[in-house]
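Trainee: Following is a predicted model, sequence given first.
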Amino acid sequence: MRARFAAIVGVLGLTAAACETPRTGLDRDLGPASQVFDFEAETHFRCYIVSRQTPQPADTAILTDQFLHDTVRIDEPLQLCAPTSKDGAAIPDTTEHLTIYGAPDTLVPHLIVETEDQFGPRTLEAVGARYLLVPTDKNAAGFPANLNHYRCYEVTGDRARETVSLEDQFGTDENVRVERPHYFCNPVEKTTSAGTSPILEPEVHLTCYEIFAPQRTEATDVDISNQIEEDTFTVTAFELLCVPSAKGTVTPAE
C-alpha cells in the first residue's frame with residue numbers, strides 16, 4: 001500500500017510565517033564553469049515515464065537551492081530515473097535512483113547559466129522551476145546513501161548533437177542521439193514535516209537532455225520507496241538522459 005508523508009504541519013513548527021519566506025536568488029555569480037569533479041565518476045541517469053501509479057493528493061515542501069527559496073506543491077510522480085552506463089563506463093552506485101515529481105514555480109527574472117558537462121560547455125537560459133528529483137529505493141535494493149535531492153529548471157540552449165550507447169536495468173541501446181537540454185537541476189535542501197534533507201554534494205548538478213533511439217515498449221512494474229511515498233510504478237518509454245554537470249556564472253536574463 002502506498003503511504004505518503006503528511007503535508008507540512010506542526011511537527012517541525014513550520015509556521016505560516018516560515019512558508020512566507022521571501023523567494024531569493026541565492027547564488028548567482030560563481031565565476032566561469034569549471035570541471036570541479038570527475039563527470040564520469042558521478043552517476044548518470046536515464047529517465048523512464050511512469051505510466052501507472054497510485055494517485056494521491058499533492059504534498060508540500062520547503063525547497064532551498066541556489067536559485068530559489070520557497071514553499072512548493074509536490075505533485076504526482078512523472079518519471080523514474082535509473083543509474084545508467086554511458087559508452088561502457090561503470091555505474092558508480094547501482095542503488096542510486098531518482099523519482100521525478102512535478103513541483104512547478106516561477107523564476108523571475110529568468111537566469112543565464114553557464115554550465116559544463118561531458119558534452120562540453122553550454123549557456124542555458126532557465127525559465128522556471130518544474131520538477132523535484134527525490135532519491136529512491138527500487139525493489140528494496142538499498143536506499144542511495146550519498147545522493148542529492150535536485151530541483152530542476154526548464155532551460156533552453158544549444159543541442160548536444162552527440163551519439164552515445166546506454167545500458168541500464170531496463171535495456172541496452174546503441175546509437176542514442178542526445179539533443180536539446182531540457183532541464184538544469186540544482187542540488188536542493190528539502191524540508192517537510194518529516195525533517196530536512198540536506199544537500200550532500202553541492203558541486204554536483206545535473207543537465208537533462210532529450211534522447212532518441214528505438215523506443216522501449218515493454219511495461220515493467222517496480223516497487224519504490226522514498227521520502228514522499230511507497231508505491232508500485234509501471235515504467236515504459238524513456239525520455240531523458242541526466243548527466244553530471246558543473247555550474248558556473250549565473251546572471252539575470254535581459
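Mentor: It's in. Numbers count the residues shown, from 1 in each chain.

Trainee: what is the residue nearest the centre of the chain paired to in the beta sheet?
Mentor: For the chain, residue 133 is the residue whose C-alpha lies nearest the centre (CA atoms, centre = their mean; 3.8 Å). As for beta bridges, residue 133 partners with residue 100, residue 150 under DSSP bridges.

Trainee: per-residue confidence for it?
Mentor: Looking at residue 133, its pLDDT stands at 98.

Trainee: Surely it and residue 100 touch.
Mentor: Yes - in this structure residue 133 lies within contact range of residue 100 using CB atoms under 8 Å: 5.6 Å. Using the backbone N, CA and C atoms, a C-beta is placed for each residue, glycine as well.

Trainee: Now do the helices in the stretch 1-150 of the chain.
Mentor: Using DSSP state H, counting those that start in this stretch, the helices of the stretch 1-150 of the chain run over 16-19.

Trainee: Show me where the protein dips below the pLDDT cut-off.
Mentor: 1-36 (pLDDT under 70).

Trainee: Quick check: residue 95 vs residue 253, distance?
Mentor: Distance, residue 95 to residue 253, by CB to CB, to the nearest Å: 38 Å.

Trainee: Which of the two has more residues huddled nearby?
Mentor: residue 95 (18 against 12; other CB atoms under 10 Å).

Trainee: How much space separates that one from residue 124?
Mentor: Note on residue 95: its distance to residue 124, by CB to CB, is 29 Å.

Trainee: same check, this time on residue 251
Mentor: Taken as CB to CB, the span from residue 251 to residue 124 is 12 Å.

Trainee: Give me the common contacts of residue 133 and residue 100.
Mentor: 81, 152 (CB atoms under 8 Å, 6 or more residues apart in numbering).

Trainee: Return the residues in contact with the closest residue to residue 99 other than its chain neighbours.
Mentor: Closest residue in space to residue 99, ignoring its immediate chain neighbours: residue 136 at 4.6 Å, by CB to CB, 6 or more residues apart in numbering. Taking CB under 8 Å, 6+ apart, we find residue 136 in contact with 80, 97, 98, 99, 144, 224, 225, 226.

Trainee: please redo it, this time with the cut-off set to 7 Å
Mentor: Neighbour list for residue 136: 97, 98, 99, 224, 226 [criterion: CB atoms under 7 Å, 6 or more residues apart in numbering].

Trainee: which residues does residue 222 contact?
Mentor: For residue 222, the contacting residues are 80, 138, 139, 232, 233, 235, by CB under 7 Å, 6+ apart.

Trainee: oh, I was asking about residue 191
Mentor: Counting by CB under 7 Å, 6+ apart, residue 191 makes contact with 61, 62.

Trainee: What residues sit buried inside the helix or strand containing it?
Mentor: Using DSSP states H and E, residue 191 falls within strand 171-192. By 16 or more other CB atoms under 10 Å, the buried positions in strand 171-192 come out as 171, 173, 176, 178, 181-192.

Trainee: Give the other helices and strands that the helix or strand following that strand contacts.
Mentor: Later in the chain than strand 171-192, the nearest helix or strand by DSSP H and E is strand 195-197. Here strand 195-197 touches strand 171-192, going by 3 or more CB pairs under 7 Å, 6 or more residues apart in numbering; DSSP states H and E.

Trainee: how about the strand it packs on as CSV, C-alpha atoms only?
Mentor: Below are the C-alpha coordinates for strand 171-192, written out as CSV (Å, rounded to 0.1, in the frame of the first residue of the first chain):
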residue,chain,number,x,y,z
GLY,A,171,17.6,-2.1,-21.5
THR,A,172,20.7,-1.6,-23.7
ASP,A,173,20.7,0.9,-26.6
GLU,A,174,23.4,1.7,-29.2
ASN,A,175,23.4,4.9,-31.2
VAL,A,176,21.3,7.0,-28.8
ARG,A,177,21.1,10.6,-30.0
VAL,A,178,21.5,13.3,-27.4
GLU,A,179,19.9,16.5,-28.5
ARG,A,180,18.3,19.5,-26.7
PRO,A,181,18.9,20.3,-23.0
HIS,A,182,15.5,20.4,-21.3
TYR,A,183,16.3,20.8,-17.6
PHE,A,184,19.1,22.0,-15.4
CYS,A,185,19.0,20.7,-11.9
ASN,A,186,20.4,22.2,-8.7
PRO,A,187,21.1,20.3,-5.5
VAL,A,188,18.3,21.3,-3.2
GLU,A,189,17.6,21.2,0.5
LYS,A,190,14.1,19.8,1.1
THR,A,191,12.1,20.3,4.4
THR,A,192,8.8,18.6,5.2
